[in-house]
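**Q** with the sequence up front, the predicted model follows.
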Amino acid sequence: MTFALRCVALLSSLLALSACKSFDKEEPPPCPHVSILADSASLTRFAPGAAQDDKGTVLKAELTSFHGSCSYDADEHRMNFELNIGIDAKRGPAMTGDHADVAYYVAVPAFYPAPFGKEVFPLPLNFGEGKDRLHITDDTLHIAIPMGADIKELNKYEVFLGLQLTPDELSHNREKRNHP
């Protein structure tokens, strides 16, 4: 074997050993599963006392997307999330003014009933003159989920997103789903 081939073989062996060494470290866990709950993915708000039809509609909104990333902090035993939430909104014929308020939530059922198991985030909608539709991206969301030392039970930390609805708005969504 020539000197050059021996050097290549030695270098390959050293790289292989160093790669094996990197597997000794514990890999960070994957991000928990995040999903939008179907019952609270959309909102139809009606004017007080109005018929629940298109003419009585003040606002329609839908949680359309989410994007984000997470990182595990081994020292603090927590998962840090950064989320961008996308909401589409449409003003209805019964809307007066150019402003409406909606809110969305982030919930981790593993922490229920503790107050930090669900957090609600208000989101103002400003349609402005002549605008009937909006797409809002809320990218200010930073969440830290305490996870404990056993990261192998990551599946219990599922994260749910949805629009914060009144009982009547939730009931409307369920009726609409059961009677399309």
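**A** Sure, I can see it.

**Q** CA only for contacts and neighbour counts going forward, please
**A** Will do.

**Q** I'd like the mean pLDDT over the helix or strand where residue 177 lies, please.
**A** Secondary structure assigned from DSSP states H and E places residue 177 in helix 167-178. Rounded to a whole number, the mean pLDDT of helix 167-178 is 90.

**Q** likewise for stretch 122-137?
**A** On average, stretch 122-137 scores 91.

**Q** okay, buried residues for that stretch please.
**A** 125, 127, 133, 134, 135, 136, 137 (16 or more other C-alpha atoms under 10 Å).

**Q** how about stretch 98-117?
**A** 100, 102, 104, 105, 106, 107, 108.

**Q** from the chain's centre, how far out does that stretch sit?
**A** Distance, stretch centre to chain centre, for stretch 98-117: 11 Å (C-alpha atoms, centre = their mean, to the nearest Å).

**Q** contact partners of that stretch?
**A** 59, 118-129, 156-164 (C-alpha atoms under 8 Å, 6 or more residues apart in numbering).

**Q** run the last query once more with 7 Å
**A** 118-128, 156-164 (C-alpha atoms under 7 Å, 6 or more residues apart in numbering).

**Q** what about the strands in this structure?
**A** Using DSSP state E, the strands of the chain run over 34-36, 42-46, 57-73, 78-91, 99-107, 118-126, 133-146, 159-163.

**Q** may I see the buried residues of stretch 67-79?
**A** Result for stretch 67-79 [16+ other C-alpha under 10 Å]: buried residues 70, 72, 77, 78, 79.

**Q** from these, pick the one nearest residue 141.
**A** residue 70 (11.8 Å; C-alpha to C-alpha).

**Q** leaving out the residues flanking it, which one is nearest to the closest one?
**A** residue 81 (4.4 Å; C-alpha to C-alpha, 6 or more residues apart in numbering).

**Q** report the contact partners of that neighbour.
**A** Residue 81 touches 69, 70, 71, 142, 143, 144, counting by C-alpha under 7 Å, 6+ apart.

**Q** just put the buried residues of stretch 122-137 in TSV and tack on distance to residue 32.
**A** What follows is the buried residues of stretch 122-137, written out as TSV (distance: C-alpha to C-alpha, whole Å):
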residue	distance to residue 32
125	30
127	35
133	33
134	30
135	27
136	25
137	22
